[in-house]
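Undergrad: Please work out how this folds:
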Amino acid sequence: MGRIGREAVKKVLPEIKAEHDPDLIIANAENLAHGKGVTADLLREMIAAGIDFFTSGNHVWDRQEIHDIFADRDLSARLIRPANYPPGTPGQGSKFLTIGTKNVLVLNLLGRIFSRVSGDDPFRTFDEVIKAHAHLKPSVILVDFHAEATSEKVALGWHAAGRVTAVWGTHTHVPTRDERVLPGGTAYISDIGMCGARDGVIGVEQKAAVSHFLTQLPMQAETPTEGEAIVCGIVITEEQGRATDIQPLIKYINIH
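TA: This next block holds a predicted model:
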């Protein structure tokens with residue numbers, strides 16, 4: 001979520017890698033550029049920092065540059081948008097990766113409850129994508145469900161249980177503590193949280209947010225560039241495509 005989130009990730013990622021030795025590091029990129037959208041330079045900055053692949057959500061369209069990013073062969077290989085946007089939308093909603101000896105399918109979906117975007121049904125889109133890739137026999141299937149309502153997220157988790165390795169929620173910026181491994185070996189959590197300013201309001205400057213709720217006037221949301229940052233994530237352990245463990249990861253660091 002903006003510069004403070006990017007700098008925090010760059011500082012703590014070496015520690016995370018040393019501790020967990022992950023095979024694949026995925027981040028949701030939709031708030032990279034001052035909290036609104038992505039740029040090519042910032043994607044490259046985070047790739048250089050150690051991020052392997054990026055999912056996104058509704059804010060991925062906030063900057064016109066996204067169309068150039070999805071047209072770029074190298075960057076579009078690293079970034080997906082929700083698969084249940086209408087046909088013809090730029091970008092791809094899923095990506096098949098080869099990580100070591102494993103074939104990994106990463107799928108991005110957008111929720112419909114409380115959403116301003118009238119996307120296709122994420123549940124049926126999930127089924128369609130899984131079916132379309134079945135012949136490739138992915139070893140691991142990972143799903144980022146970018147949604148507002150916890151009910152919709154939990155329901156998709158159960159819908160996917162036993163068919164994918166993990167379903168994690170993004171979008172609310174507030175980490176939940178309902179992590180568990182569902183029957184059939186599917187790791188689940190309703191929301192991972194964010195990487196951004198800890199003392200803001202879901203990543204934006206607190207005074208403007210409080211004023212908006214008091215006055216109901218439009219808010220010019222500014223993203224802090226320094227201060228205490230929170231870095232949220234999860235660590236998933238799998239064996240033969242089935243999750244055996246999911247652990248929340250939260251770290252705090254001061255950014256100047």
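
Undergrad: so Met219 touches Ser211, yeah?
TA: Yes. With contact defined as CB atoms under 8 Å, Met219 reaches Ser211; the gap is 7.1 Å. Bear in mind the C-beta positions are built from the backbone N, C-alpha and C, glycine included.

Undergrad: who's in contact with the residue nearest to Ile230 when sequence neighbours are not counted?
TA: Distances taken as CB to CB, 6 or more residues apart in numbering put Arg198 closest to Ile230, at 4.3 Å, once the chain neighbours are dropped. By CB atoms under 8 Å, 6 or more residues apart in numbering, the contact set of Arg198 is 227-230, 252.

Undergrad: ok, Arg198 to Tyr252 distance?
TA: 7 Å (CB to CB, to the nearest Å).

Undergrad: which residues are in contact with both of those two?
TA: By CB under 8 Å, 6+ apart, Arg198 and Tyr252 have these common neighbours: 228-230.

Undergrad: Strands of the stretch 1-150 of the chain, start to end?
TA: For the stretch 1-150 of the chain, the strands defined by DSSP state E, counting those that start in this stretch cover 26-28, 53-55, 94-99, 102-110, 140-146.

Undergrad: ok, Asp127 - how many residues close by?
TA: A total of 14 residues lie near Asp127 under the criterion other CB atoms under 10 Å.

Undergrad: Kindly apply the preceding question to Ala8 instead.
TA: A count of nearby residues for Ala8, using other CB under 10 Å, gives 24.

Undergrad: Now it. Nearest residue, chain neighbours left out?
TA: Ala229 (3.7 Å).

Undergrad: isn't there a helix covering that neighbour?
TA: No. Ala229 is assigned strand when assessed by DSSP: H, G, I helix; E, B strand; the rest coil, not a helix.

Undergrad: can I assume it is in contact with Lys10?
TA: No. The criterion here is CB under 8 Å, and Ala229 misses it with Lys10 at 10.8 Å.

Undergrad: More neighbours: which of those two?
TA: More neighbours surround Ala229 than the other of Ala229 and Lys10, with 30 against 16 (other CB under 10 Å).

Undergrad: so who does that one touch?
TA: With CB under 8 Å, 6+ apart, Ala229 has these contacts: 4-5, 7-8, 195-198, 252-255.

Undergrad: Closest to Thr39 out of those residues?
TA: Thr39 has its nearest neighbour among the contacts of Ala229 in Gly5, at 14.3 Å by CB to CB.

Undergrad: where's that closest one relative to Glu179, distance?
TA: 21 Å.

Undergrad: In terms of neighbours, single out the busier of those two.
TA: Comparing Gly5 with Glu179 by other CB under 10 Å, the one with more neighbours is Gly5, at 26 against 18.

Undergrad: check contacts around that one.
TA: By CB under 8 Å, 6+ apart, the contact set of Gly5 is 31-32, 194-197, 203, 229, 231.

Undergrad: again, only this time at 6 Å
TA: If you count contacts by CB atoms under 6 Å, 6 or more residues apart in numbering, Gly5 has them with 195-196.

Undergrad: Can you tell me how far it is from Ala33?
TA: From Gly5 to Ala33 the distance is 11 Å (CB to CB).

Undergrad: What pLDDT does the model give the residue nearest to Ile230?
TA: Reading off the confidence values, Arg198 has pLDDT 97.

Undergrad: Then Met219?
TA: Predicted confidence (pLDDT) for Met219: 84.

Undergrad: Distance of it relative to Leu105?
TA: Between Met219 and Leu105 the computed distance is 38 Å (CB to CB).

Undergrad: Likewise for Glu179?
TA: Distance, Glu179 to Leu105, by CB to CB: 21 Å.
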